[in-house]
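Coordinates only, no sequence provided:
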């Protein structure tokens, strides 16, 4: 049995669910689920995302390291006493760039200042698309700092970029050997894009600070 399959079985047993119940929670049939649990099929990315949404720690699912479930850290309610009100400027693509609409924000959120690690000013966007799954999901709200170091210090960081077609969210990757940089999606179904820091086609506009995700909104 594949390790991911055995961990899938471990999750189901820990949640005290039958195959029928767990398959329903994942939005698939029991027959299909059984093929994943027995290792006859590799677990696809969209099911890893679904498992993440119900609280499974993806690092444990993939590597077996760390806790099985995501650990929630209790927060002091006093953080709500000092907030900053930010506009959701536009949708930012996790896929093809989104056209920017600056006339009217999509909404506003009051964000506790203590949650923000990077300095102001900030851009806040709503994510549209799947290219940054499973780390950043469609519908997430992301806050990006407009204050950040030079590109050569940002390899591996998730950034916001402006293109002629709109704005997009990608991970910056520095290829030292070939002395080039790439905008990398996390979801391997999408293709990387070459980045030229001296060019005008793609402009870096922010460094991801935090992502906010909503639940139980159906």
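That came through fine. If you're wondering where the values come from, they're calculated on a predicted model, not measured in any experiment.

From the centroid of this structure, which residue is nearest?
Centroid-nearest residue in the chain: residue 136, 1.1 Å away (criterion: Cα atoms, centre = their mean).

Quick check: it touching residue 186?
Yes - using Cβ atoms under 8 Å, residue 136 is in contact with residue 186, at 7.4 Å. For glycine as for every other residue, the C-beta is placed from the backbone atoms N, C-alpha and C.

Neighbours of residue 21, how many?
Counted with other Cβ atoms under 10 Å, the neighbours of residue 21 add up to 13.

tell me the mean pLDDT for the helix or strand that contains it?
Remark: residue 21 resides in helix 19-26, with elements defined by DSSP states H and E. Helix 19-26 comes out with an average pLDDT of 90.

Residues contacting that helix, please?
11-12, 15, 17, 29-30, 32-34, 37, 47, 50-51, 54 (Cβ atoms under 8 Å, 6 or more residues apart in numbering).

do that again at 6 Å, thanks
Helix 19-26 is contacted from outside by 12, 30, 33, 50, using Cβ atoms under 6 Å, 6 or more residues apart in numbering.

Now for the last one: which residues touch it?
To tie it back to what came earlier, the one meant is residue 50. Residue 50 sits next to residue 26 when contact means Cβ under 6 Å, 6+ apart.

can you rerun that using 7 Å?
The contact partners of residue 50, taken as Cβ atoms under 7 Å, 6 or more residues apart in numbering, are 26, 27.

got the domain boundaries for the protein?
The record's domain parsing of the chain by automatic domain parsing lists 3-63, 77-212.

Next up, the contacts around residue 157.
Taking Cβ under 7 Å, 6+ apart, we find residue 157 in contact with 171, 172, 207.

do you know how far it is from residue 128?
The gap separating residue 157 from residue 128 is 21 Å, by Cβ to Cβ, to the nearest Å.

ditto for residue 204
Counting by Cβ to Cβ, the separation of residue 204 from residue 128 is 19 Å.

Could you count how many residues lie near residue 196?
Residue 196 has 10 neighbouring residues, counting by other Cβ under 10 Å.

Check what pLDDT it gets.
Looking at residue 196, its pLDDT is 83.

How about the one 5 residues further on?
Turning to residue 201, the model gives it a pLDDT of 84.

Now do the contacts for it.
163, 164.

likewise residue 136?
Applying Cβ under 7 Å, 6+ apart, the residues near residue 136 are 94, 127, 142, 169, 211.

Need those in CSV (columns: distance to residue 63, pLDDT and secondary structure).
Shown next, in CSV, are the contacts of residue 136 (distance: Cβ to Cβ, whole Å; pLDDT from 0 to 100; DSSP: H, G, I helix; E, B strand; the rest coil):
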residue, distance to residue 63, pLDDT, secondary structure
94, 24, 79, strand
127, 26, 93, strand
142, 26, 95, strand
169, 25, 92, strand
211, 22, 92, strand
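
out of those residues, who has the most neighbours?
With neighbours taken as other Cβ under 10 Å, the top of the contacts of residue 136 is residue 169, carrying 30 neighbours.
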